[in-house]
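Chemist: Turn this into a structure:
(4 chains)
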There are 2 protein chains.
Amino acid sequence: MGPNVDRRPPVMADVARLAGVSHQTVSRVLNDHPNVRAETRTRVMRAIDQLGYRRNLVARALVTKHSRTLGVVSFDTTLYGPASTVYGIEQAARDAGYFVSIVSLRTIDRAGVNDAIGYLAEQGVDGIVVVAPQRSAARALDDLPAGMPAVAVEGWHQGDVSVVSVDQVEGARLATSHLLELGHETVWHVSGPADWLEAEGRIEGWRAVLTAAGRPIPGTLTGDWSPRSGYQAGKQLAAMAGDVTAVFVANDQMALGLLRAFTEEGVKVPEQISIVGFDDIPESEFFSPPLTTIRQDFGAVGRRSIDVLLRQIESGEPLPHERLVVPPQFVFRGSTAAR
Amino acid sequence: MGPNVDRRPPVMADVARLAGVSHQTVSRVLNDHPNVRAETRTRVMRAIDQLGYRRNLVARALVTKHSRTLGVVSFDTTLYGPASTVYGIEQAARDAGYFVSIVSLRTIDRAGVNDAIGYLAEQGVDGIVVVAPQRSAARALDDLPAGMPAVAVEGWHQGDVSVVSVDQVEGARLATSHLLELGHETVWHVSGPADWLEAEGRIEGWRAVLTAAGRPIPGTLTGDWSPRSGYQAGKQLAAMAGDVTAVFVANDQMALGLLRAFTEEGVKVPEQISIVGFDDIPESEFFSPPLTTIRQDFGAVGRRSIDVLLRQIESGEPLPHERLVVPPQFVFRGSTAAR
DNA sequence: CCGAGTTCTGTTAGCGCTAACATCGGCGGA
DNA sequence: TCCGCCGATGTTAGCGCTAACAGAACTCGG
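Modeler: Numbering: from 1, shown residues only, chains lettered A, B, ... in the order given. Coordinates of the predicted model:
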């Protein structure tokens, strides 16, 4: 029954024929062009849903040169941080009427990021967000296709693109100062892996506070963000209990590993050792003890980056590069106590 | 310098002119058509990278009617489960040469899912994966655009689409049997929110084992997957300590909440109460005590769903609907002990 | 009641690509 | 030598849409 027996989906011309107008008028209705008579508009609308017509955005993109799609390149979107950032990006993009096409890299290196950007460019995205937490990845932004609007998240501040990030250095300062104020002689640090910008920023802030206070700077232990690596660091630190009274851990997952190692070794937190984490993942509040940590507002980072990117896209001109910094927030819980 | 001073990116015709061939020959080279002389091919290739040409996949999609893009509709990709599933989907899709366009819903209801599917359809995706953990969302699959290949993940098994999911019922059976084998009289359950299919499946498996063993079936406590809701349930359960010796919690995050509540109330795990979680998030191994849980292979779910979807897309015909089930895996750790 | 301006609607061209068909040259067999 | 065939390349048309212009219909003041 009905005229739509063939399987081929209806096109604008079909709607036009049914409504007794030209396809251009249908186009006008769809694009809210002002100069369409109200009666014509409703006639077209009726035809549209009679046929179940949906416009073909591919054809539209071909002629307008705008796909209203944004590309996102990220790394391991299984982790809480990247996952939250990407979520924030997607929400903000969709609120602005854009789609999001995601490439999630297994390993992050310049070539991989470049490939991803290349694919996205072929696909006709209007702009690209690169969540580039590593030096090597951030550098890939240097050879973006000419004229492609882009923004880096958690990336490097030098180079040719705008960057949006949480102030890692400030976060580390907050954490370290807190421990010093509690009366600890110095603060140890379990850092993230080398080459990660966040890891570097946190080391920098930690060291800066210690230096300013004239405290000794212990050697850092290095983890890979995983609870297991924190556990291993915890074992080492536990062996030095007595010397160590305060630890700033570069993320909450590793802090959990430390907590576990300390429990096994009979080291009491916060009585013997105080711990501060970083991220404030949803679990942290329910660790034993609840974790004092630094909250990062990943949602805000996502939204700000889309703001910057859309401004670039919609201006059509290369804009001066911005560096937007989202402040971190100190969250006091039970894993830290006065010496 | 060079011929490429204008800002407009080069098109196939530009390459053709430079290589001294027709644009069709360039197209043939790009698509690995066999009938191109080796020398011509290299000449074209040289022209391509001399100009920095990238093909326009939008134009290609318009004529081939295939965008090589898959749509994914999901819910709160901040959670470990959805995030991991989406990651698996994206990896599998890219390995197969497809892009992934994501819509991440804030709230999940039939209308929202429908809108999302509609947008994706306009955008010209070749197929859609709906991560539909709730009844209401799963139902939206009933009104997919005609002929659109689709697959549901963690969704309902009735209706018109293929479904890939972890066997929730079996997972719950594993957890509950384990506790019974340890000598517990019965097993309490902290379930996920109503309307969630996973929550229902876990209740079903739990209840089935208890019934089969002729044990009393305690009333369930209901959480919302968050650690906080687990914490609240834990407080209630702690008040009943003595009666309660074993709890099967519907996910690891809530189990963490229970652990915290029990610690606060002085209830020892596993000495007084045994706990089994569900998911095996990376943190679970480092809880105190390490959590006995049921592992879901989210990566496998993602891959299988892409398999099913691509088979549909590439056959071009509506295929019979499949129901693929990924087995869960029992992981024994320190939060359970013999009565 | 006419012409100038304003709506509204239609016609044409073309986005960048691939499919389909046309053409051309060279090769082997009768 | 000529024909037929096949491999390599070119030409043409058109995917579904919007931009740009052309034309029709309607307004309104003098």
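
Chemist: For A:Phe278, give me its contacts.
Modeler: A:Phe278 sits next to A:171-172, A:175, A:202, A:248-252, A:255, A:293-294, A:296 when contact means Cβ atoms under 8 Å, 6 or more residues apart in numbering or on different chains. C-beta here means a position set from N, CA and C on the backbone, and glycine is covered the same way.

Chemist: so what's A:Ala241 closest to, chain neighbours aside?
Modeler: Distances taken as Cβ to Cβ, 6 or more residues apart in numbering or on different chains put A:Val267 closest to A:Ala241, at 5.2 Å, once the chain neighbours are dropped.

Chemist: quick one on the thing from earlier: from the contacts of A:Phe278, which ones fall inside strands?
Modeler: Judged by DSSP state E, strands contain the following of the contacts of A:Phe278: A:248-249, A:293-294.

Chemist: Closest one to A:Pro193 out of these, please.
Modeler: Minimum distance to A:Pro193 across the ones in strands among the contacts of A:Phe278 is 13.5 Å, recorded for A:Val249 (Cβ to Cβ).

Chemist: Let me see the contact set for that closest one.
Modeler: A:Val249 makes contact with A:189-190, A:223, A:230, A:233, A:255, A:258, A:275-278, according to Cβ under 8 Å, 6+ apart.

Chemist: Give me the buried entries from those.
Modeler: Applying 16 or more other Cβ atoms under 10 Å in any protein chain shown to the contacts of A:Val249, the neighbour count classes A:189-190, A:223, A:230, A:233, A:255, A:258, A:275-278 as buried.

Chemist: so how far is DNA strand D from A:Gly112?
Modeler: Look at A:Gly112 and DNA strand D: by Cβ to the nearest atom of the strand, to the nearest Å, they are 32 Å apart.

Chemist: quick one: is the host helix or strand of that residue near DNA strand C?
Modeler: Assigned by DSSP states H and E, A:Gly112 belongs to helix A:110-122. No - applying Cβ under 7 Å from any atom of the strand, one finds helix A:110-122 out of contact with DNA strand C, separated by at least 8.7 Å.

Chemist: ok, back up a step: so which of the buried ones among the contacts of A:Val249 sit within strands?
Modeler: A:189-190, A:275-276.

Chemist: Next up, the contacts around the most centrally placed residue in chain A.
Modeler: For chain A, the residue nearest the mean C-alpha position is A:Thr85 (2.7 Å; Cα atoms, centre = their mean). Counting by Cβ under 8 Å, 6+ apart, A:Thr85 makes contact with A:74, A:131, A:153-154, A:298, A:301-302.

Chemist: For the stretch 101-250 of chain A, what lies in contact range of chain B?
Modeler: Taking Cβ under 8 Å from any Cβ of the partner chain as the contact definition, the stretch 101-250 of chain A meets chain B at A:101-104, A:106, A:118-119, A:121-124, A:145-147, A:226-228, A:230-231.

Chemist: if we go to 10 Å?
Modeler: Residues of the stretch 101-250 of chain A lying close to chain B (Cβ under 10 Å from any Cβ of the partner chain) are A:101-106, A:116, A:118-125, A:145-148, A:225-228, A:230-231, A:234.

Chemist: In helices only, show me those.
Modeler: Cross-referencing those against helices under DSSP state H gives A:116, A:118-122, A:227-228, A:230-231, A:234.

Chemist: Closest one of the residues you listed to DNA strand C?
Modeler: Nearest to DNA strand C among these, counting by Cβ to the nearest atom of the strand, is A:Glu122 at 8.7 Å.

Chemist: what pLDDT does A:Gly155 get?
Modeler: If you check A:Gly155, the pLDDT there is 80.

Chemist: Tell me the spacing between it and A:Leu105.
Modeler: 14 Å (Cβ to Cβ, to the nearest Å).

Chemist: Who has more neighbours out of the two?
Modeler: Higher neighbour count among A:Gly155 and A:Leu105: A:Gly155, with 25 against 20, using other Cβ atoms under 10 Å in any protein chain shown.

Chemist: distance between stretch A:186-197 and the chain's centre?
Modeler: Relative to the centre of its chain, stretch A:186-197 is centred 20 Å away, using Cα atoms, centre = their mean, to the nearest Å.

Chemist: hey, C-alpha coordinates of that stretch in CSV?
Modeler: Below are the C-alpha coordinates for stretch A:186-197, written out as CSV (Å, rounded to 0.1, in the frame of the first residue of the first chain):
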residue,chain,number,x,y,z
THR,A,186,58.6,16.6,53.3
VAL,A,187,56.4,14.9,50.7
TRP,A,188,57.2,11.9,48.5
HIS,A,189,55.8,11.6,45.0
VAL,A,190,54.7,8.6,43.0
SER,A,191,54.6,10.1,39.5
GLY,A,192,52.9,9.1,36.2
PRO,A,193,54.9,7.7,33.3
ALA,A,194,57.6,9.8,31.7
ASP,A,195,56.5,11.7,28.5
TRP,A,196,53.0,12.3,29.9
LEU,A,197,52.4,16.0,30.2
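
Chemist: Now it: average pLDDT?
Modeler: On average, stretch A:186-197 scores 95.

Chemist: If you count neighbours, what's buried in that stretch?
Modeler: Result for stretch A:186-197 [16+ other Cβ under 10 Å]: buried residues A:186-192, A:196-197.

Chemist: now do stretch A:310-328
Modeler: Here stretch A:310-328 shows A:310, A:312-313, A:321, A:324-326, A:328 as buried, counting by 16+ other Cβ under 10 Å.

Chemist: Please, which helix or strand holds the residue nearest to the centre of chain A?
Modeler: Using DSSP H and E, A:Thr85 falls within helix A:80-95.

Chemist: before we move on, back to that, Serialize the contacts of A:Val249 to TSV and add fields for distance to B:Ala16.
Modeler: Shown next, in TSV, are the contacts of A:Val249 (distance: Cβ to Cβ, whole Å):
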residue	distance to B:Ala16
A:His189	59
A:Val190	58
A:Gly223	54
A:Gly230	58
A:Ala233	60
A:Ala255	59
A:Leu258	62
A:Ile275	64
A:Val276	62
A:Gly277	58
A:Phe278	55
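
Chemist: do you know how far whichever residue of the stretch 101-250 of chain A sits closest to DNA strand D is from DNA strand C?
Modeler: Going by Cβ to the nearest atom of the strand, DNA strand D is nearest to A:Gly124 of the stretch 101-250 of chain A, at 12.8 Å. Distance, A:Gly124 to DNA strand C, using Cβ to the nearest atom of the strand: 10 Å.

Chemist: Give me the pLDDT for that residue.
Modeler: Note on A:Gly124: pLDDT of 94.

Chemist: what about the strands in the stretch 51-200 of chain A?
Modeler: Taking DSSP state E, counting those that start in this stretch to define them, one finds strands in the stretch 51-200 of chain A at A:69-75, A:99-105, A:127-131, A:150-153, A:162-166, A:188-191.

Chemist: Let me have these in TSV, extended by distance to A:Phe287.
Modeler: Formatted as TSV, those follow (distance: least, Cβ to Cβ, whole Å):
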stretch	distance to A:Phe287
strand A:69-75	26
strand A:99-105	28
strand A:127-131	26
strand A:150-153	27
strand A:162-166	21
strand A:188-191	15
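
Chemist: on that earlier part again, please point out which parts of the helix holding A:Gly112 sit buried.
Modeler: In terms of neighbour count (16+ other Cβ under 10 Å), helix A:110-122 has its buried residues at A:110, A:112-114, A:116-117, A:119-122.

Chemist: ok, how many other residues are close to A:Pro216?
Modeler: Counted by other Cβ under 10 Å, the residues lying close to A:Pro216 total 8.

Chemist: in which helix or strand would I find it?
Modeler: Assigned by DSSP H and E, A:Pro216 belongs to no helix or strand.

Chemist: tell me the contacts of it?
Modeler: Counting by Cβ atoms under 10 Å, 6 or more residues apart in numbering or on different chains, A:Pro216 touches A:185-187, A:210.

Chemist: which one of those residues is nearest B:Ala137?
Modeler: Of all the contacts of A:Pro216, A:Val187 has the smallest distance to B:Ala137: 47.0 Å, by Cβ to Cβ.

Chemist: In this structure the closest one contacts A:Arg215, no?
Modeler: Yes - between A:Val187 and A:Arg215 there is a contact at 7.7 Å, judged by Cβ atoms under 10 Å.
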